[in-house]
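Q: How does the following fold in three dimensions:
(2 chains)
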2 protein chains.
Amino acid sequence: MMDSPVRGFPVSEFEARLKRVQKLMAAEDLAGILLMTEPEVRYFSGFHTQFWQSPTRPWFLFIPADKKPIAVIPEIGAALMRKTWIEDIRTWGAPWPKDDGITLLLDLLEPLSIRGSRLGIMKGHETSLRMPLGDYESLMSGLPGMELVDATDILRSLRMVKSEAEIEKISHICNIASRTFERANEIFYKGQPLAEAFRAFRMECLAQGADDVPYLAGGADQGGYRDIISPPSQRPLQSGDILMLDTGATFDGYFCDFDRNFSIEQSDDLSHQTYDILWRATEAGMTAARPGTTCRELFHSMQSVIAEIDVQGGEVGRYGHGLGMQLTEWPSHADFDETVLEENMVITLEPSLNYGDGLIMVHEENIVVQNGAPRLLSMRAAPELPIIGGR
Amino acid sequence: MMDSPVRGFPVSEFEARLKRVQKLMAAEDLAGILLMTEPEVRYFSGFHTQFWQSPTRPWFLFIPADKKPIAVIPEIGAALMRKTWIEDIRTWGAPWPKDDGITLLLDLLEPLSIRGSRLGIMKGHETSLRMPLGDYESLMSGLPGMELVDATDILRSLRMVKSEAEIEKISHICNIASRTFERANEIFYKGQPLAEAFRAFRMECLAQGADDVPYLAGGADQGGYRDIISPPSQRPLQSGDILMLDTGATFDGYFCDFDRNFSIEQSDDLSHQTYDILWRATEAGMTAARPGTTCRELFHSMQSVIAEIDVQGGEVGRYGHGLGMQLTEWPSHADFDETVLEENMVITLEPSLNYGDGLIMVHEENIVVQNGAPRLLSMRAAPELPIIGGR
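A: Here you go, the predicted structure:
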């Protein structure tokens, strides 16, 4: 197991995040932003727990225009929140369906409503409302003077660009997953049920130092796979299969997200050709990924290679995305996304294509955008489809 | 590794679920229910993937009053959805922020809106809106004639009572976690950083047959722990520590959720006494958990034992909850919850209490409510605080 980066962040990191968001808030004349989703609450507070797995309790973090964030959270989280840099922590005995934080939020927000202030909430692409809709409606009916403003773009612009400490965590988990994939020949074998291949991969990832493997999907079948988001079947790996695993493992709350393809003992020309196109599409993406390039341009740099055999380019809907506290983050490398790449954005390059009789192949790397060539965080996939289990 | 139950469900299971929900819908005069959260989409379709980890794309399942469910989903999920019993699958090339399924939903729902029909959506306790709020508002503004009805109680009443096949899956993962905890003396050792204890537990859980361990929290400190939702520190286990791990491992999409306490080499009288009270509180819960008992009564059966040393009973806010497709499900064993227990509800009994100088102790078992004494799914915790690592 490799040495790990320091866990958590210094308070200066949270101070810098707060300063940046408050500057953007001032430009939009926002009196505050109300956050309730795990990555956003964690981003500004450092509050990190798997307890979000339980849907029972809502959690809130309020970012004022000119003060430190205020936590409005269930009592069960108070001890953990007190370990963060947050000082103003308001709790209630949750679950309490009649009033799960609503009175506390009204106490906090009513003065803003009375002044007719603008309140930021996230309601745009890739967001969700992580509280009961009924409670949200009841909260807002108690704040009649408040002007609600979509704060998605503010959060998006902040979170897309990573700090050095964030990049170090993502780099570390990418290394762990790369080392795990390097052991493919030892982990995977002909006759192994796919579900056992997944299990072995998860265990090796943990042994290599991952905290968890929240995402693992893939497939294996003769000459290629047909679907890239399935849980594993019990079907044993066979000679001539192409095996793909796509993993989102985590270290200290940060994800890697990349996949690898392997052929079992042998493979056909079409698979080799398809793999080669994807490998070259990724190379094209690596060449295009520079500060100032748009995600649309990045998409087309990869699509121009994919178009050699597939005009559509798989069912994924994009050729990669942002990466960090979530398996997938803004932006999207797609024709619709005009986001301009900046230094220290961490992104995936993930071209995909349809080939043969209903087959799909995917290929993915994780990189940091920087001046000049991007920095690879994943260990670059082999330029030719690797064969494992051969004699 | 133990033999596993069959994965997935026969179509008859989904037919039965559909029949039950449509009966409840008829009683409420609902023309349909629109679902978008992972457990609900999976409950009625069998669509099972970890891809929900990505927040990028919304997924919808519409339950008509008298037909099979209709899937409105991103193209990337079509191949997997076609493996389920769902026939009417409508897809779009997601992500597509300008129209992420909204036009498809309007096509489906406009006839209902024109007729002034009642549409069920989930907006009650323990739910969230798993689509952008802005998209939801835009969808609903296109359905001016629709009467929205909170369908939370319908889903809750269905999902709380488990089928035999569901119980078999939960029982299996409870066995796996029980066998993992049985190996505590081999997995955990004095001097082991807590994070490594967590890692070893996760790996052993996988080795015993778990698909994944999405939830693992706990703590360890001299004489007891202070918080039950933290990720692990790097602090080495020491003689006199009390170590607690609380795990939500999964098999085929179903969770266990229980914890175990261990003392390292030695423990003090207060810890033993506290453990004993919790053990007896759980016994009281086991005695009370019968069909016809309310969750409030179940709570008070445990609270009457806890009250021997703690009138408040920890910060958890309840003494257990439902269990199944999620780590925590309705109901809550709390004073506010008047849910009447029924045969084949799977629940946790989870008394907790505060003691000493800011310490908390928890204790948890998983059971099936049945006629007569409940069936234990977790292997009953030792009646006395177990000591490990002793000589």
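Q: which residues in the stretch 101-250 of chain A form strands?
A: Under the criterion DSSP state E, counting those that start in this stretch, the stretch 101-250 of chain A contains strands at A:118-121, A:147-150, A:212-222, A:241-251.
Q: Tell me which of these sits nearest to chain B.
A: strand A:212-222 (4.6 Å; C-beta to the nearest C-beta). Every C-beta, even on glycine, is put in place using the N, C-alpha and C of the backbone.
Q: in that closest one, what's buried?
A: The neighbour-count check on strand A:212-222 (16 or more other C-beta atoms under 10 Å in any protein chain shown) flags A:Asp212, A:Val213, A:Pro214, A:Tyr215, A:Leu216, A:Ala217, A:Gly218, A:Gly219, A:Ala220, A:Asp221 as buried.
Q: and if you look at stretch A:292-310?
A: Neighbour counts over stretch A:292-310 (16+ other C-beta under 10 Å) mark A:293-303, A:305-306, A:310 as buried.
Q: which among the residues you listed are in contact with chain B?
A: The subset of these within reach of chain B, counting by C-beta under 8 Å from any C-beta of the partner chain, is empty.
Q: Can you flag which of those belong to helices?
A: A:Cys295, A:Arg296, A:Glu297, A:Leu298, A:Phe299, A:His300, A:Ser301, A:Met302, A:Gln303, A:Val305, A:Ile306 (DSSP state H).
Q: I figured the second one hits A:Pro331, correct?
A: Right, A:Arg296. No. A:Arg296 is beyond contact range of A:Pro331, at 9.7 Å (criterion: C-beta atoms under 8 Å).
Q: Quick check: neighbours shared by the two?
A: Overlap of the contact sets of A:Arg296 and A:Pro331 (by C-beta atoms under 8 Å, 6 or more residues apart in numbering or on different chains) consists of A:Asp337.
Q: For A:Gly120, which non-adjacent residue is spatially closest?
A: A:Ala151 (3.1 Å; C-beta to C-beta, 6 or more residues apart in numbering or on different chains).
Q: Tell me the spacing between that neighbour and A:Pro111.
A: 19 Å (C-beta to C-beta, to the nearest Å).
Q: Compare those two (neighbour count), which wins?
A: Remark: of A:Ala151 and A:Pro111, A:Ala151 carries more neighbours, 27 against 10, as counted by other C-beta atoms under 10 Å in any protein chain shown.
Q: can you pull the pLDDT of that one?
A: As predicted, A:Ala151 sits at a pLDDT of 98.
Q: I'd say it and A:Thr127 touch.
A: No. With contacts counted by C-beta under 8 Å, A:Ala151 stays clear of A:Thr127, the gap being 9.5 Å.
Q: With just CA atoms, put stretch A:237-249 into CSV.
A: Taking Å, rounded to 0.1, in the frame of the first residue of the first chain, the C-alpha atoms of stretch A:237-249 are listed here in CSV:
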residue,chain,number,x,y,z
LEU,A,237,-15.1,-15.6,-18.2
GLN,A,238,-14.4,-17.4,-21.4
SER,A,239,-11.7,-17.4,-24.0
GLY,A,240,-12.5,-14.7,-26.5
ASP,A,241,-14.4,-12.6,-24.0
ILE,A,242,-13.7,-8.9,-23.8
LEU,A,243,-13.9,-7.9,-20.1
MET,A,244,-14.4,-4.3,-19.1
LEU,A,245,-14.4,-2.9,-15.6
ASP,A,246,-15.2,0.8,-14.9
THR,A,247,-14.4,1.9,-11.3
GLY,A,248,-15.1,4.8,-9.1
ALA,A,249,-13.0,4.1,-6.0
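Q: What average pLDDT does it get?
A: Mean predicted confidence for stretch A:237-249 is 97.
Q: So that stretch, near chain B or not?
A: Yes. Using C-beta under 8 Å from any C-beta, stretch A:237-249 reaches chain B at A:Gly248.
Q: For that stretch, buried residues please.
A: For stretch A:237-249, burial by neighbour count (16+ other C-beta under 10 Å) applies to A:Leu237, A:Gly240, A:Asp241, A:Ile242, A:Leu243, A:Met244, A:Leu245, A:Asp246, A:Thr247, A:Gly248, A:Ala249.
Q: List the contacts of the third one.
A: In this structure, A:Asp241 makes contact with A:Ala220, A:Asp221, A:Gln222, A:Ser263, A:Ile264, judged by C-beta under 8 Å, 6+ apart.
Q: Out of those, which comes closest to B:Cys256?
A: Distances from B:Cys256 to the contacts of A:Asp241, taken as C-beta to C-beta, are shortest for A:Ala220 (28.5 Å).
Q: What's opposite the closest one in the beta bridge?
A: Going by DSSP bridges, A:Ala220 is paired in beta bridges with A:Leu243.
Q: for A:Asp150, same thing?
A: A:Ile121.
Q: before we move on, what about A:Tyr355?
A: Here A:Tyr355, judged by DSSP bridges, has bridge partners A:Leu359.
Q: what sits against it?
A: Taking C-beta under 8 Å, 6+ apart as the contact definition, A:Tyr355 lies against A:Gly224, A:Leu270, A:Thr274, A:Ile309, A:Asp310, A:Met361.
Q: residue ranges of the helices in the stretch 251-391 of chain A, please?
A: Secondary structure of the stretch 251-391 of chain A (DSSP state H, counting those that start in this stretch): helices located at A:269-288, A:295-306.
Q: ok, residues contacting the last one?
A: By C-beta under 8 Å, 6+ apart, the surrounding residues in contact with helix A:295-306 are A:277-278, A:280-282, A:284-285, A:287-289, A:313, A:318-320, A:331-339, A:341, A:349, A:351, A:353.
Q: just the first one next, same as before
A: Surrounding helix A:269-288, the residues in contact under the criterion C-beta under 8 Å, 6+ apart are A:223-224, A:242, A:261, A:263, A:297-298, A:301-306, A:308-309, A:319-320, A:333, A:349, A:351-353, A:355-356, A:359, A:361-365, A:367, A:373-374, A:376, A:381, A:383-385.
Q: how about that helix: buried residues?
A: For helix A:269-288, the neighbour count (16+ other C-beta under 10 Å) marks A:271, A:274-275, A:277-286, A:288 as buried.
Q: okay, now the nearest residue to A:Arg260 once chain neighbours are set aside: neighbour count?
A: What sits nearest to A:Arg260 in space, not counting adjacent residues and going by C-beta to C-beta, 6+ apart, is A:Phe181, at 4.7 Å. Using other C-beta under 10 Å, A:Phe181 has 22 neighbouring residues.
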